[in-house]
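[1] heads up, no residue letters with this:
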Ligand SMILES: CC(=O)NC[C@H]1N[C@@H](C)[C@@H](O)[C@@H](O)[C@@H]1O
């Protein structure tokens with residue numbers, strides 16, 4: 001066994017090349033919360049104080065259970081009006097049928113988007129498990145859909161040649177705790193701090209490793225404090241079972257392969273491999289209140305990918321399916337648009353590394369990004385002007401030969417008075433970002 005259950009051994013693990021190269025993954029938040037599918041679209045994470053103003057007006061539809069437990073606020077009022085004050089969250093198992101779910105259709109769409117890995121919520125904070133776990137009957141095989149949703153999805157994702165990872169909410173389990181969490185402190189100090197709960201979480205995570213041999217272990221929020229000493233055993237078993245496995249950084253700072261960011265962008269890591277996760281709107285779980293206006297635009301989604309990859313990150317963009325198993329049209333449309341762009345421009349994304357310069361804002365308003373691989377440097381122009389326009393890049397970071405555009409638009413490139421001057425030709429109105437390739 002290569003890895004021993006001790007941190008000195010775990011620390012020898014390095015980020016596998018596949019994870020660094022693939023750049024784009026699909027997050028999926030699907031669960032009991034997809035039945036009510038209701039949240040108050042208050043604002044983006046990081047823009048609202050992390051106190052009652054966030055928790056009682058939580059835009060995350062997957063937090064429905066906690067938002068109702070608050071006992072006040074828009075989600076509580078919606079719940080009482082729609083289901084009645086006595087309707088408890090667990091009763092949504094009677095309403096969740098997934099009657100239109102076809103995992104092969106999901107996998108085909110994700111593949112078309114250009115994504116190379118998929119990470120679904122196997123158990124979110126509500127404690128409902130989407131696989132036939134032997135540690136609780138509160139799962140989708142014993143209740144609700146009556147299917148092992150994770151097994152079916154894993155098979156479909158892998159048959160499309162993508163990697164399958166698992167999200168697990170280690171710290172929170174609202175099927176075990178019953179008080180509303182209305183502060184960051186309460187979220188990080190749930191009253192399920194028993195050894196029994198820590199063992200439950202450890203056993204379920206080990207079961208996920210042995211059942212799915214997932215390419216990513218994506219724990220969320222934190223790990224049970226009484227279970228921190230278990231983690232070297234979990235990581236060693238995982239890396240010995242899945243040699244190309246990789247873990248995120250939400251394990252109480254015990255260990256990580258890569259850092260994560262959620263919505264708010266903040267400073268970039270660059271030297272350290274990281275991943276940005278966010279919804280296309282303000283929520284991860286499907287929120288029927290959100291309209292197209294709450295979602296990033298089609299071109300903003302591409303720019304989000306570019307802005308992440310240029311700084312050594314992967315984008316884990318979230319899909320929030322409806323309870324019936326269909327993907328909302330607004331989300332499907334964005335994934336297909338992204339995929340069309342990737343068909344032409346993926347050489348500037350897959351298997352690239354950050355360049356000596358990542359991004360610059362031009363006087364004319366365009367924002368230019370850079371990526372590189374062994375033979376080329378790519379210049380990615382977001383918000384290009386329609387028709388013909390001239391970009392002037394002062395003190396260019398390179399003086400190598402312009403090779404070609406990626407896509408069916410024209411360009412003339414020259415060095416003039418120390419500037420890299422690029423004439424972009426025939427850019428359509430509302431164009432997605434355009435890419436030029438230079439030879440090293
Ligand atoms: C920073 C953090 O721990 N966020 C927890 C947050 N993660 C998102 C991916 C969603 O699953 C949220 O529902 C969850 O609370």
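    Perfect, I can see it now. Every value quoted in this text rests on a predicted model; they were computed, and no experiment measured them. Residues are numbered from 1 along each chain as shown.
[2] list the contacts of residue 333.
    residue 298 (Cβ atoms under 8 Å, 6 or more residues apart in numbering). Any C-beta I mention is one placed from the backbone N, CA and C, and that applies to glycine too.
[3] mean confidence score for the helix or strand it falls within?
    In the assignment (DSSP states H and E), residue 333 maps to helix 329-345. Averaging pLDDT along helix 329-345 gives 98.
[4] do stretch 236-245 as well
    For stretch 236-245, the per-residue pLDDT averages 98.
[5] list the buried ones in it?
    236-239, 242, 245 (16 or more other Cβ atoms under 10 Å).
[6] with secondary structure and distance to the ligand added, can I get those in CSV?
    Shown next, in CSV, are the buried residues of stretch 236-245 (DSSP: H, G, I helix; E, B strand; the rest coil; distance: Cβ to the nearest ligand atom, whole Å):
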residue, secondary structure, distance to the ligand
236, helix, 24
237, helix, 24
238, helix, 20
239, helix, 23
242, coil, 22
245, coil, 20
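[7] got the residues you listed as TSV, with distance to residue 149 columns?
    Converted to TSV, these look like this (distance: Cβ to Cβ, whole Å):
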residue	distance to residue 149
236	29
237	24
238	22
239	26
242	21
245	22
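[8] show me what the helix or strand just after the helix holding residue 333 is packed up against.
    Next helix or strand after helix 329-345 toward the C-terminus (DSSP H and E): strand 353-361. Applying 3 or more Cβ pairs under 8 Å, 6 or more residues apart in numbering; DSSP states H and E, one finds that strand 353-361 contacts strand 367-372.
[9] pull the distance from the strand it packs on to the chain's centre.
    The chain centroid and the centroid of strand 367-372 are separated by 22 Å under Cα atoms, centre = their mean, to the nearest Å.
[10] which other helices and strands contact it?
    Checking 3+ Cβ pairs under 8 Å, 6+ apart, strand 367-372 ends up next to helix 298-309, strand 353-361, strand 376-382.
[11] for the stretch 51-200 of the chain, which residues are neighbours of the ligand?
    Within the stretch 51-200 of the chain, the positions adjacent to the ligand are 60, 62-63 by Cβ under 6 Å from any ligand atom.
[12] okay, those residues in TSV with pLDDT next?
    Converted to TSV, these look like this (pLDDT from 0 to 100):
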residue	pLDDT
60	98
62	98
63	98
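[13] name the residues that touch stretch 88-100?
    32-36, 64-65, 68, 126, 128, 138, 140, 143-145, 147, 149, 174-175, 323-326.
[14] can you tell me which of those residues are buried?
    Buried by 16+ other Cβ under 10 Å: 32-36, 64-65, 68, 126, 128, 138, 140, 143-145, 147, 149, 174-175, 323, 325-326, out of the contacts of stretch 88-100.
[15] top of the residues of the stretch 51-200 of the chain next to the ligand by neighbour count?
    residue 62 (29 neighbours; other Cβ atoms under 10 Å).
[16] let me know the secondary structure of residue 196.
    helix (DSSP: H, G, I helix; E, B strand; the rest coil).
[17] give me the neighbour count for it.
    For residue 196, the neighbour count with other Cβ under 10 Å is 10.
[18] also residue 210?
    A count of nearby residues for residue 210, using other Cβ under 10 Å, gives 11.
[19] roughly how far does it sit from the ligand?
    Distance, residue 210 to the ligand, using Cβ to the nearest ligand atom, to the nearest Å: 24 Å.
[20] can you tell me which of the contacts of stretch 88-100 are in strands?
    Using DSSP state E, the subset of those located in strands is empty.
[21] tell me which of these fall in helices.
    Within the contacts of stretch 88-100, residues falling in helices by DSSP state H are 64-65, 68, 149.
[22] now the two most distant members of those residues.
    Greatest spacing in these, by Cβ to Cβ: 68 and 149 (23.7 Å).
[23] next, the buried residues of stretch 34-43.
    Under the neighbour-count criterion of 16+ other Cβ under 10 Å, stretch 34-43 has 34-42 buried.
[24] kindly check the end-to-end length of it for me.
    With Cα to Cα, to the nearest Å as the measure, stretch 34-43 spans 20 Å from end to end.
[25] repeat that for stretch 243-260.
    21 Å.
[26] so which bits of it are buried?
    Buried residues in stretch 243-260, counted by 16+ other Cβ under 10 Å: 245-252, 254-258, 260.
[27] out of these, the closest to residue 194 would be?
    Proximity of the buried residues of stretch 243-260 to residue 194 (Cβ to Cβ) peaks at residue 252, which lies at 16.6 Å.
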